[in-house]
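Enquirer: Give the three-dimensional model of this entry:
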Amino acid sequence: MAQDVSSYVPQVLAMGLDALRNNLPILRYINTSFQEATDFANQGGDTIDVPIPSDVAANDVTPASYAPATQELGTGKAQIPVNFWKEVPWRVTDRELAKLAAGFMPTQLSECIATLSREFAMHLMKAYVHSYGTIGGSTNIAFHDGANTLAAQGRARLTKQLAPAVNRFAIVSPDVTVNMAGVSTFSQANTSGDPEVVARGAILRGHGFFWEEDQRMPIHETGTAGGTGADTVVNGAHLVGVSSINATVGATNAMDLKVGDVITFAGHSQQYVLTAAAAASATAAATLAIAPKLKVALAGAEAITCFSDGTDYEVNIMAHRDAFAAAFIRTDMNTLLSKFGITSTSVGVDETLVDLETGLALRFILKPEHYQVRTALSILAGTGMPRPALACRLASKVVA
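Expert: Presented below is the predicted three-dimensional model:
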């Protein structure tokens with residue numbers, strides 16, 4: 001007869017969610033409120049609609065007998081794919097089950113949860129490639145000069161990109177955090193009187209952002225615009241609103257731009273991100289797919305510059321909560337099986353628990369075997385950056 005292991009489920013799920021939450025600081029700040037949109041998305045490859053507010057106009061008021069026609073407040077949407085589905089399976093002995101029942105987390109369970117959180121964090125933050133606002137550089141570790149200039153630049157960049165002033169956060173690497181300790185406005189956080197700052201050793205609030213540390217910040221492998229002998233330039237005139245730019249590669253070196261590279265055109269400061277790779281030999285023609293759409297008309301012959309051309313950099317993130325989105329799929333397998341007269345304990349346990357603080361849904365599968373139990377924790381989710389204008393990259397030197 002199969003062992004009834006359902007009594008272990010609450011302990012595993014509770015400990016698992018707590019460990020995942022502590023390993024995924026970004027989830028405290030981004031938008032995860034998409035439950036209605038995930039009701040019918042239950043496998044990889046599905047998509048989830050994220051509502052995007054549309055632009056509206058304010059009209060002058062003129063008294064009249066009849067009210068003028070109203071404008072439609074249609075809500076746009078961005079689709080994010082269900083693109084993360086990973087599990088961490090392991091086998092639990094009777095001894096480890098006893099520890100779970102007593103409220104202890106076995107070493108292997110702890111490591112499994114750490115692995116799952118690491119995979120999800122790296123996957124989620126890879127959405128940075130859709131952002132275009134970028135500050136900092138690849139020569140030095142951010143805040144190396146002990147000044148708060150980068151924090152002010154990041155705040156200004158988001159404001160110019162019309163990001164709301166509230167609900168902003170920043171996720172930075174440990175190397176950046178070390179330098180931030182030398183910036184007076186951040187180091188004074190220790191004297192703020194906030195007990196959580198002292199307890200966690202963290203700079204929680206500064207320059208309009210909640211700051212968190214994460215050791216898994218992505219590295220952007222930067223391409224090159226080419227043309228060291230002569231500038232790579234815009235080929236012909238381009239009107240405002242286009243998203244494809246014709247270019248001519250300069251002499252000597254070829255162009256090899258990658259998805260996520262940030263470029264600028266001489267004559268205006270707007271930054272654009274490459275949405276598709278672009279490669280061409282020296283002096284040849286190339287087509288650049290960009291976002292956002294062109295803000296200033298180009299006459300032709302403007303030099304094209306790639307941020308940190310040819311040098312990789314660490315991507316730290318400054319953003320508003322709505323820049324990123326994570327939609328967790330909640331699979332209630334026990335309810336589905338019960339419709340066929342199958343109880344969870346007859347085949348094992350398959351349950352999902354949702355963290356009310358972050359929206360994280362953790363699925364736990366437990367199946368008895370011969371003197372051991374096969375156990376697996378998994379996350380099924382859709383992730384993306386539906387509103388790139390609400391994010392800014394803080395580039396920093398890559399530290400080996």
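
Enquirer: From here on, just use CA atoms for contacts and neighbour counts.
Expert: Fine.

Enquirer: And the strands in the stretch 301-400 of the chain, which stretches?
Expert: 304-306, 313-320, 325-328, 349-354, 361-368, 373-384, 391-396 (DSSP state E, counting those that start in this stretch).

Enquirer: which intervals of the stretch 1-150 of the chain have sub-threshold pLDDT?
Expert: Within the stretch 1-150 of the chain, the ranges that satisfy pLDDT under 70 run 1-17, 35-45, 73-75, 97, 99-108.

Enquirer: That should have said the stretch 201-350 of the chain, apologies.
Expert: 201-204, 332-347.

Enquirer: hang on, the earlier thing: using a markdown table, lay out the strands of the stretch 301-400 of the chain together with distance to residue 115 and mean neighbour count.
Expert: Below are these laid out as a markdown table (distance: least, CA to CA, whole Å; neighbours: other CA atoms under 10 Å):
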| stretch | distance to residue 115 | mean neighbour count |
| --- | --- | --- |
| strand 304-306 | 35 | 20 |
| strand 313-320 | 21 | 26 |
| strand 325-328 | 18 | 25 |
| strand 349-354 | 19 | 21 |
| strand 361-368 | 14 | 22 |
| strand 373-384 | 11 | 23 |
| strand 391-396 | 25 | 26 |
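
Enquirer: Compile those strands into CSV and extend it with columns for distance to residue 86.
Expert: Putting the strands of the stretch 301-400 of the chain into CSV (distance: least, CA to CA, whole Å) gives the following:
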stretch, distance to residue 86
strand 304-306, 35
strand 313-320, 24
strand 325-328, 12
strand 349-354, 14
strand 361-368, 11
strand 373-384, 6
strand 391-396, 27
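
Enquirer: Which of these sits closest to residue 24?
Expert: Of all those, strand 325-328 sits nearest to residue 24, with 12.1 Å by CA to CA.

Enquirer: starting at the chain centroid, how far to the closest one?
Expert: Its chain's C-alpha centre and that of strand 325-328 lie 10 Å apart, by CA atoms, centre = their mean, to the nearest Å.

Enquirer: Give me the contacts around it.
Expert: 30-35, 38, 48, 124, 359-361, 379-386 (CA atoms under 8 Å, 6 or more residues apart in numbering).

Enquirer: Surely residue 220 is in contact with residue 314?
Expert: Yes: counting by CA atoms under 8 Å, residue 314 is a contact partner of residue 220 at 6.2 Å.

Enquirer: On the three-state scheme, the residue nearest in space to the middle of the chain is what?
Expert: Centroid-nearest residue in the chain: residue 125, 3.6 Å away (criterion: CA atoms, centre = their mean). Three-state assignment for residue 125 (DSSP: H, G, I helix; E, B strand; the rest coil): helix.

Enquirer: any idea how far it lies from residue 256?
Expert: Separation of residue 125 from residue 256 (CA to CA, to the nearest Å) stands at 24 Å.

Enquirer: ditto for residue 171
Expert: 29 Å.

Enquirer: Between the two, point out the one with more neighbours.
Expert: residue 171 (26 against 16; other CA atoms under 10 Å).

Enquirer: Which strand or helix spans residue 269?
Expert: Using DSSP states H and E, residue 269 sits in no helix or strand.

Enquirer: Can you report how many residues lie near it?
Expert: 11.

Enquirer: got it, and residue 122?
Expert: Counted with other CA under 10 Å, residue 122 comes out at 15.

Enquirer: helix/strand/coil for the nearest residue to it once chain neighbours are set aside?
Expert: Computed as CA to CA, 6 or more residues apart in numbering, the closest residue to residue 122 that is not its neighbour in sequence is residue 216, at 6.3 Å. The three-state label for residue 216, taken from three-state DSSP, comes out as coil.

Enquirer: Against residue 177, how distant is residue 216?
Expert: From residue 216 to residue 177 the distance is 13 Å (CA to CA).

Enquirer: Domain map for this protein?
Expert: Annotated domains of the chain cover 6-43+77-126+328-388, 128-220+313-323+391-396, 233-306 [automatic domain parsing].

Enquirer: quick one: furthest residue from the center of the chain?
Expert: Outermost residue of the chain (CA atoms, centre = their mean): residue 65, 51.1 Å.

Enquirer: which residues of the protein fall in helices?
Expert: 9-23, 94-101, 107-125, 149-160, 174-180, 184-187, 195-200, 333-338, 344-347 (DSSP state H).

Enquirer: Quick one: residues in contact with the fourth one.
Expert: For helix 149-160, the external contacting residues (CA under 8 Å, 6+ apart) are 133, 135-136, 142-143, 165, 207-208, 318-319, 389-392, 394.

Enquirer: Okay, angle between that helix and strand 313-320 too, please.
Expert: 50 degrees (axes from the mean of the first three to the mean of the last three CA atoms, to 10 degrees).

Enquirer: quick one: buried residues of helix 149-160?
Expert: 151, 153-155, 157-158 (16 or more other CA atoms under 10 Å).

Enquirer: Could you export the residues you listed as a markdown table, including pLDDT and distance to residue 239?
Expert: Shown next, in a markdown table, are the buried residues of helix 149-160 (pLDDT from 0 to 100; distance: CA to CA, whole Å):
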| residue | pLDDT | distance to residue 239 |
| --- | --- | --- |
| 151 | 93 | 34 |
| 153 | 96 | 29 |
| 154 | 96 | 29 |
| 155 | 96 | 30 |
| 157 | 96 | 24 |
| 158 | 97 | 25 |
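
Enquirer: residues contacting residue 364?
Expert: 9, 13, 349-352, 375-378.

Enquirer: what bridges to it?
Expert: Applying DSSP bridges to residue 364 yields these beta-bridge partners: residue 351, residue 377.

Enquirer: From residue 351, how far out is it?
Expert: The value you get for residue 364 to residue 351, if CA to CA is used, is 5 Å.
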